[in-house]
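Chemist: sequence unknown, structure follows:
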Ligand SMILES: N[C@@H]1[C@@H](O)[C@H](O)[C@@H](COP(=O)(O)O)O[C@@H]1O
């Protein structure tokens, strides 16, 4: 596991966007796993700048998003369909046919999950998965207790995740109670993972992730320790609970 230590959110986003755009330029075809939330927002802005200024093309790229709320329409400003369209897709040259996000309004949610998983395989799996982390260690919407063997499935969101995400809604009442998410096994199947962590409110989660305890389903992100190719980009605020001695020898620390 590689840990890149950066100054702040801006620098995290800039390192992440360079990382992603380099891979996009290098590989054809390329399958990119995408995340939502506040963490990757600036990274997407910088990818758009790079597309405009340097001409990086996404015409050969297929994307799979990690998750979607159940019950929100694609036009709902809190849906992840809406988020992705307005944060990235409408500004780059990706073919809309190559964009995949779980359908949270499907009449047969179980079938939707199975088909989503199958589709990822049809495309040969995800080459690079972008990830954020929840304060309770969730990845995608895989809450504590989710089996490590899980594939794309329906989850009930924990009160802490609903409270954390309520900042995007008018009130917590409006935050959906359920979501579809790629499972932990689906995430682990991606060839490479890029995890972004910014801000003090993630520092306990990052400390937990970087400990050398055996992975536990009570802290979903801990499974990433078993993935052969993970790069974490974390800012100083997120690393505040760790001194360099606290970062286990499993990690190569790169200071920018
Ligand atoms: N489902 C998303 C995750 O994919 C995201 O990584 C995480 C952190 O969100 P944020 O980046 O806003 O802190 O929580 C959300 O619930």
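Modeler: That came through, no problem. No experiment lies behind these values; they were computed from the predicted model shown.

Chemist: Next one: residue 134 from residue 181, what distance?
Modeler: Spatial separation of residue 134 from residue 181 under the definition Cβ to Cβ, to the nearest Å is 11 Å. Yep, even glycine has a C-beta here, placed from its N, CA and C like the rest.

Chemist: Comparing these two, which shows the higher neighbour count?
Modeler: Remark: of residue 134 and residue 181, residue 181 carries more neighbours, 28 against 23, as counted by other Cβ atoms under 10 Å.

Chemist: quick one: that one and the ligand, what's the gap?
Modeler: 7 Å (Cβ to the nearest ligand atom, to the nearest Å).

Chemist: contacting residues for that residue?
Modeler: The contact partners of residue 181, by Cβ atoms under 8 Å, 6 or more residues apart in numbering, come to 66-67, 102, 140-142, 152-153, 155.

Chemist: partners of it in the sheet?
Modeler: Using DSSP bridges, the bridge partners assigned to residue 181 are residue 67, residue 153.

Chemist: As TSV, the contacts of residue 181 with pLDDT would be great.
Modeler: Formatted as TSV, these follow (pLDDT from 0 to 100):
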residue	pLDDT
66	98
67	98
102	98
140	97
141	96
142	97
152	98
153	98
155	96
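
Chemist: Which two among the residues you listed are spaced furthest apart?
Modeler: 102 and 142 (13.3 Å; Cβ to Cβ).

Chemist: the helices in the stretch 51-200 of the chain, which residues?
Modeler: Using DSSP state H, counting those that start in this stretch, the helices of the stretch 51-200 of the chain run over residues 80-87, 109-122, 159-165, 184-188.

Chemist: Among the ones you listed, which comes closest to residue 1?
Modeler: helix 184-188 (13.4 Å).

Chemist: So is the closest one next to the ligand?
Modeler: No: applying Cβ under 6 Å from any ligand atom, one finds helix 184-188 separated from the ligand by no less than 10.2 Å.

Chemist: what's the answer for stretch 153-172, then?
Modeler: Yes: part of stretch 153-172 sits near the ligand under the criterion Cβ under 6 Å from any ligand atom, namely 161, 165.

Chemist: in that stretch, what counts as buried?
Modeler: The neighbour-count check on stretch 153-172 (16 or more other Cβ atoms under 10 Å) flags 153-155, 157-158, 161-162, 164-165 as buried.

Chemist: out of these, who's nearest residue 5?
Modeler: Set against residue 5, the nearest of the buried residues of stretch 153-172 by Cβ to Cβ is residue 164 (24.3 Å).

Chemist: hmm, who's touching stretch 83-93?
Modeler: Under Cβ under 8 Å, 6+ apart, the answer for stretch 83-93 is 34, 36, 41, 44-45, 47-48, 51-52, 57-59, 63, 65, 96, 99, 101.

Chemist: and that stretch, what's its mean pLDDT?
Modeler: The pLDDT scores in stretch 83-93 average 98.

Chemist: returning to what we had before: give me whichever of the helices of the stretch 51-200 of the chain is most buried.
Modeler: Most buried of those, by mean neighbour count (mean count of other Cβ atoms under 10 Å): helix 184-188, with a mean of 22.

Chemist: Contacts for that one next, please.
Modeler: For helix 184-188, contacts defined as Cβ under 8 Å, 6+ apart pick out 33, 66, 117, 120, 129, 131, 139-140, 142, 146-152, 193, 220, 223-224, 226-227.

Chemist: What of stretch 46-64?
Modeler: 13-14, 16-17, 20-21, 24-25, 28-34, 84, 88, 91-95, 98-101, 116, 119-120, 123, 126, 182.

Chemist: same thing with stretch 227-234?
Modeler: By Cβ under 8 Å, 6+ apart, the list of residues contacting stretch 227-234 from outside reads 1-6, 12, 15-16, 19, 188, 191-198, 206, 209, 224, 251.

Chemist: Alright, calling it a day.
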